[in-house]
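# turn this into a structure:
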Amino acid sequence: MTLTFARRLLAPALAALALAGCALTPGRATQLIGAPGAVPKTVETRTGPVRGVVASAGQVFLGIPFAAPPIGTLRFQPPRPVQPWTAVRDATRAGAECVQAPLPGGQAVSEDCLNLNVYAPHDADAAHPRPVMVWLYGGGFVIGNNVQNDPSAMAERQGVVIVAPNYRLGVLGFLAHPALKGEGEGSYALLDQQAALRWVRDNIAGFGGDPGNVTLFGESAGGWSVCYQLTAPGARGLFHKAIIESGACTSPDSAISMQAAEAGGVRMAGELGCTDPSTAAVCLRALPVSVLRKAKPRRRGLLGIESWSPAYGGDVLPESPLAALRAGRFARVPVIDGTNHDEGRLFLGALRLQGKLYSQASFEKIIGDFFDEKTPTVLAEYAAETARDRRVAYANIVTDATFACPAWQLNALLRPSVPVYAYEFDDPQALFALPRTPFVPPLGAYHSSEIAYVFATRWSLADPARFSPAQRVLSDRMQAAWASLARSGSPSLAARADWPRDTGAGPVRLAPDGPATAGDFAVRHHCAFWETLR
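Have a look, this model is predicted:
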């Protein structure tokens with residue numbers, strides 16, 4: 001029995017998010033690049049000099065290559081060292097986005113996409129190293145890029161250096177096939193993230209960052225990535241703190257076995273005409289990327305069937321993340337881990353637009369498609385909620401099974417060995433910039449709604465300029481807590497209020513009316529029930 005039924009339903013919402021963000025790429029930091037009084041600044045890296053910009057509100061360096069283009073014979077290979085350069089490289093324009101799911105009106109994409117951005121305080125310099133935070137974007141491993149969020153204001157305000165790398169997506173980041181057996185098979189994206197972390201280790205001092213104090217953080221697929229890297233041997237020592245936002249890797253399909261991944265890869269390759277085992281690798285590397293990006297995975301992944309996630313049983317993830325966590329084989333670093341109160345409501349609107357969930361039969365069909373023989377058990381558990389409002393019941397099942405209860409389990413596995421700071425983001429009026437789907441309940445604290453509070457800059461789904469005074473205070477507290485963990489390994493929510501370590505009593509509730517312990521978390525999210533279905 002698996003618990004990824006909700007992930008299959010992320011795709012319509014991800015598409016909507018991508019479309020909304022096509023013209024909104026705030027990470028390009030145009031307010032800094034074109035600021036009055038902005039001046040060029042050149043920094044030497046190990047592979048060559050880059051020239052960015054210093055303005056009164058911060059520094060920014062965009063599109064810095066951290067690995068060789070994974071093209072030609074390097075497609076479906078681990079990232080290789082970048083070719084050094086001697087002339088000063090312009091770092092005022094963002095690099096290409098990685099190839100991803102084709103969407104109408106999407107940005108230009110390229111396989112040559114392994115670049116990163118650096119955002120630093122205006123006065124950051126090598127003589128006074130600042131904590132470093134490396135941000136991994138979300139998007140279900142099928143869409144996303146390193147300019148969809150703008151961390152520049154957080155960097156300036158909190159005195160930290162923030163790095164945002166791209167990583168390969170979809171088939172190019174996660175394909176497994178017997179012909180590709182070897183280093184990185186099925187998990188090239190995770191190796192891209194590790195290559196970016198090595199770049200930080202080797203180069204960030206020149207930008208004013210401390211390579212000995214690196215926090216890895218991300219949301220959704222980015223949060224899952226942080227969780228994977230906690231258990232990945234190749235990431236050990238490359239980061240010193242971790243923040244996981246809505247991405248606990250403890251549910252069974254967070255990663256797929258190499259056997260299952262390869263079986264799907266063989267089916268996919270056969271449909272693309274690469275049937276001969278002896279030439280399949282050459283064939284796959286020769287296919288036009290326009291063909292590859294439309295290919296069906298023929299396996300399970302983070303979004304359910306026909307989607308992508310890392311493969312375990314190889315060199316990147318020798319065992320499943322859950323097995324590694326249970327055995328205590330993970331990085332000993334302080335962790336913030338949390339979820340949002342109403343994660344599933346973001347996906348409810350997408351289903352309703354597809355004409356679903358308008359009847360009890362439709363509701364039961366959706367649940368039945370994913371739970372098979374367990375469907376009666378799930379329906380019985382949520383019968384009272386369904387009787388009140390089947391739309392809310394659906395959203396609650398998504399929230400509980402995919403986000404809340406895996407996080408509850410992750411915290412329990414981590415806290416005997418490392419400091420864990422658990423949260424539940426709970427703003428019932430969280431901002432939402434897209435048109436609302438008619439006849440759906442309020443979105444509440446929907447999936448990804450906390451991002452605007454952490455960065456306090458506009459992105460596709462929310463504009464902090466519309467924060468109420470109480471929401472502004474909440475945003476200030478959250479951003480300061482994230483940066484406090486980066487500085488000291490111990491977050492603080494207010495000037496004199498430390499964030500208590502998780503003990504199993506419940507996560508800290510992050511809400512406009514002030515922090516409190518969410519003591520009803522496990523009961524409210526039916527975590528004991530979901531544990532019986534694992």
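# residue 263: which element?
According to DSSP states H and E, residue 263 maps onto helix 258-271.
# CA atoms only: put the next helix or strand after that helix into PDB for me.
Counting by DSSP H and E, the element after helix 258-271 in chain order, helix or strand, is helix 280-286. The C-alpha trace of helix 280-286 is given here as PDB (Å, rounded to 0.1, in the frame of the first residue of the first chain):
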ATOM      1  CA  ALA A 280      20.100   2.000 -25.800                       C
ATOM      2  CA  ALA A 281      22.400   4.500 -24.000                       C
ATOM      3  CA  VAL A 282      23.700   5.900 -27.300                       C
ATOM      4  CA  CYS A 283      20.200   6.000 -28.700                       C
ATOM      5  CA  LEU A 284      18.800   7.800 -25.600                       C
ATOM      6  CA  ARG A 285      21.600  10.400 -25.800                       C
ATOM      7  CA  ALA A 286      20.900  11.000 -29.400                       C
END
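# from the contact counts, what lies against helix 280-286?
helix 258-271 (3 or more CB pairs under 8 Å, 6 or more residues apart in numbering; DSSP states H and E). (Glycine included, C-beta is placed from N, CA and C.)
# other SSEs contacting the helix it packs on?
helix 280-286, strand 311-312.
# so which of the ones you listed is the most packed in?
Of all the helices and strands packed on helix 258-271, strand 311-312 carries the top mean neighbour count, a mean of 26, counting by mean count of other CB atoms under 10 Å.
# need the contact partners of it.
Strand 311-312 has contacts (CB atoms under 8 Å, 6 or more residues apart in numbering) with 174, 176, 185-187, 255-258, 260-262, 317-321.
# one more: stretch 399-407?
Under the contact criterion CB under 8 Å, 6+ apart, stretch 399-407 has outside partners 3-7, 244, 246, 248-251, 254, 337-345, 422, 424, 447, 507, 521-522, 525-527, 530-531.
# which residues touch residue 296?
By CB under 8 Å, 6+ apart, the contact set of residue 296 is 268, 271, 306.
# how many neighbours does the second one have?
Same thing as residue 271. 12 (other CB atoms under 10 Å).
# then residue 291?
As a burial measure, residue 291 scores 11 neighbours (other CB under 10 Å).
# kindly report the same for residue 183.
Residues lying near residue 183 (other CB under 10 Å) number 14.
# excluding its backbone neighbours, what's nearest it?
Distances taken as CB to CB, 6 or more residues apart in numbering place residue 78 nearest to residue 183, at 5.1 Å, with adjacent residues excluded.
# which phi and psi does the one you found have?
Main-chain torsions, residue 78, degrees, to the nearest 10: phi -60, psi 150.
# surely it meets residue 188?
Yes: here residue 78 lies in contact with residue 188, judged by CB atoms under 8 Å, at a distance of 6.6 Å.
# shared neighbours, these two?
With CB under 8 Å, 6+ apart, residue 78 and residue 188 have no common neighbours.
# so for these two, which residue has more residues nearby?
Between residue 78 and residue 188, counted using other CB under 10 Å, residue 188 has the larger neighbour count: 27 against 21.
# now do the contacts for the more buried one.
70, 76-79, 168, 172-175 are the contacts of residue 188 under CB under 8 Å, 6+ apart.
# let's go with 7 Å and repeat that
Neighbour list for residue 188: 76, 78, 168, 173-174 [criterion: CB atoms under 7 Å, 6 or more residues apart in numbering].
# and it, how far from residue 77?
Going from residue 188 to residue 77 by CB to CB, to the nearest Å gives 7 Å.
# one more: residue 114?
12 Å.
# and the longest helix belonging to the chain, what does it pack against?
Identified as the longest helix of the chain according to DSSP state H is helix 469-488. In this structure, helix 469-488 makes packing contacts with strand 130-136, helix 152-158, strand 209-219, strand 241-245, helix 451-455, strand 492-494, judged by 3 or more CB pairs under 7 Å, 6 or more residues apart in numbering; DSSP states H and E.
# need these in JSON lines with mean neighbour count, can you?
Output for those, formatted as JSON lines (neighbours: other CB atoms under 10 Å):
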{"stretch": "strand 130-136", "mean neighbour count": "26"}
{"stretch": "helix 152-158", "mean neighbour count": "22"}
{"stretch": "strand 209-219", "mean neighbour count": "23"}
{"stretch": "strand 241-245", "mean neighbour count": "27"}
{"stretch": "helix 451-455", "mean neighbour count": "25"}
{"stretch": "strand 492-494", "mean neighbour count": "18"}
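# turn those into TSV, including distance to residue 475.
Shown next, in TSV, are the helices and strands packed on helix 469-488 (distance: least, CB to CB, whole Å):
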stretch	distance to residue 475
strand 130-136	17
helix 152-158	10
strand 209-219	15
strand 241-245	14
helix 451-455	4
strand 492-494	12
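# residue 349: which of those is closest?
helix 451-455 (18.0 Å; CB to CB).
# need the contact partners of that closest one.
149-151, 153-154, 219, 431, 459, 462, 464, 474-475, 478-479, 482.
# now, of the residues you listed, which are buried?
Restricting those to buried positions leaves 149-151, 153-154, 219, 431, 459, 462, 464, 474-475, 478-479, 482, with burial counted as 16 or more other CB atoms under 10 Å.
# of the residues you listed, closest to residue 84?
Residue 84 lies nearest to residue 151 out of the buried ones among the contacts of helix 451-455, by CB to CB, at 27.5 Å.
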